[in-house]
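> below: sequence and its predicted model.
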Amino acid sequence: MKVTIMDVANHANVSKATVSRVINDNPKVANEIRQRVLLSIKELGYRPNAFARNLANNSSNVIGLILPDITNPYFPVIARGIEDAAHQEGFSLFISNTDNSSSIEQEYIQKMVGQQVGGIILIASILDEDKVNELDKLNIPFVLCDRFLTNTPFDTVSIDHYKASYEAVLHLIEKGHRKICHLSGPGLVQSAEMRRQAYSDAMQAHNLEPCIRIGDFSYASGYQLMTSILKESMPTAVFAANDLIALGAMNAIQEQNLKIPQDISVIGCDDILFAQMSTPKLSTISVPAYQIGVTAVDMLVERILGDRSVAKNLIMAHEFIQRES
């Protein structure tokens, strides 16, 4: 009779997941347990085939990653964290870019499921209850990365976009600003919605008139939105939904021979590398993007290997970085 991975697990008094980790030379396995499993493999004469060698649950050793916009410098940092952690765990990475299209996102999800990836890390363009219900029917591990919904069956890892944004707007108010504009990301993107709501709530709490312009998360959008605002009014501060928008807005401000921050202060969000390279250097909300990626992989591998069945919702710490803008 052919020896199975379950036979090895029973013989070594460990789980199938642990046997799989030993076979894949995962460094997280304690040496005593590793030696016990290896001895069982030798005594039983177990020979894992290539498929069983990858995982013990009939899925591949490939993790899927779905990004909304690979050209945004923020997301490659998350992807690098995911790639490094996946490699450490013995997984390969299949990356897809959706250009913030729900239909393309769904297409890639179906392709990844069809190719039996071990699990999927999803940075969704739109995330709501209907989307969660659709994903739940696929019966595959998901981690929702940089997005957050409570009471879902999936693991999530993100910062508190609302809290971070509220703090940024409050910082401007405490500096004496009363005419603060918000340059928002797309209307249905969850992180953009949370930042926009935080801005509105902070302004309302201090009896200030909101000024919101909705675009996308690009440099060009920031430039266009700011140019339009300056034709109509003269704000003293801008809170942008991400750093690319903020940098575009700064360009538009400076083209009007206005000085930053003397005439208009600017705060972004994400702390991409370009935020430190601008003139003046951009004040922003620092997001631990790389660590978010690493954590997403840790959570997904736990699910793939069956080490955990209860969903985790992790909120990573953010930091306001005051520079020159």
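Arrived safely, thanks for sending. Residues are numbered from 1 along each chain as shown.
> the helix or strand in which C269 is found pairs with which strands?
Assessed by DSSP states H and E, C269 sits inside strand 265-270. Here strand 265-270 is paired, per DSSP bridges, with strand 237-240 (parallel), strand 283-286 (parallel).
> and those strands: which comes nearest T152?
Nearest of these to T152, taken as Cβ to Cβ: strand 283-286 at 24.5 Å. In short, each C-beta sits where N, CA and C put it, glycine included.
> could you give the average pLDDT over the closest one?
Mean pLDDT, computed over strand 283-286, is 97.
> any residues touching that strand, and which ones?
Applying Cβ atoms under 8 Å, 6 or more residues apart in numbering, the external contacts of strand 283-286 come out as 164-165, 167-168, 243, 246, 265-271, 275, 318-325.
> let's see it at 7 Å
Identification of contacts with strand 283-286 by Cβ atoms under 7 Å, 6 or more residues apart in numbering yields 164, 168, 243, 267-271, 275, 318-323, 325.
> deepest in the core, which of the strands paired with strand 265-270 is it.
Ranked by mean neighbour count, those are led by strand 237-240 with a mean of 29 (mean count of other Cβ atoms under 10 Å).
> so which elements touch the very next helix or strand once past that strand?
Using DSSP H and E, the helix or strand that follows strand 237-240 in sequence is helix 243-255. In terms of contacts (3 or more Cβ pairs under 7 Å, 6 or more residues apart in numbering; DSSP states H and E), helix 243-255 is packed against helix 219-232, strand 237-240, strand 265-270.
> so for the first one, what's the average pLDDT?
In other words, helix 219-232. pLDDT averaged over helix 219-232 gives 96.
> next: stretch 300-313.
In this model, stretch 300-313 has a mean pLDDT of 82.
> dump it to PDB, restricted to CA.
Output of stretch 300-313 as PDB, limited to C-alpha atoms (Å, rounded to 0.1, in the frame of the first residue of the first chain):
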ATOM      1  CA  LEU A 300      -2.500  33.300   3.900                       C
ATOM      2  CA  VAL A 301       0.000  30.500   4.500                       C
ATOM      3  CA  GLU A 302      -1.600  29.800   7.900                       C
ATOM      4  CA  ARG A 303      -4.900  29.400   6.100                       C
ATOM      5  CA  ILE A 304      -3.500  27.300   3.200                       C
ATOM      6  CA  LEU A 305      -1.800  24.900   5.600                       C
ATOM      7  CA  GLY A 306      -4.800  24.600   7.800                       C
ATOM      8  CA  ASP A 307      -3.100  26.000  10.900                       C
ATOM      9  CA  ARG A 308      -6.000  28.400  11.600                       C
ATOM     10  CA  SER A 309      -9.700  28.700  10.600                       C
ATOM     11  CA  VAL A 310     -10.800  31.800  12.400                       C
ATOM     12  CA  ALA A 311     -10.400  35.100  10.500                       C
ATOM     13  CA  LYS A 312      -8.000  37.700  11.700                       C
ATOM     14  CA  ASN A 313      -8.400  41.500  11.100                       C
END
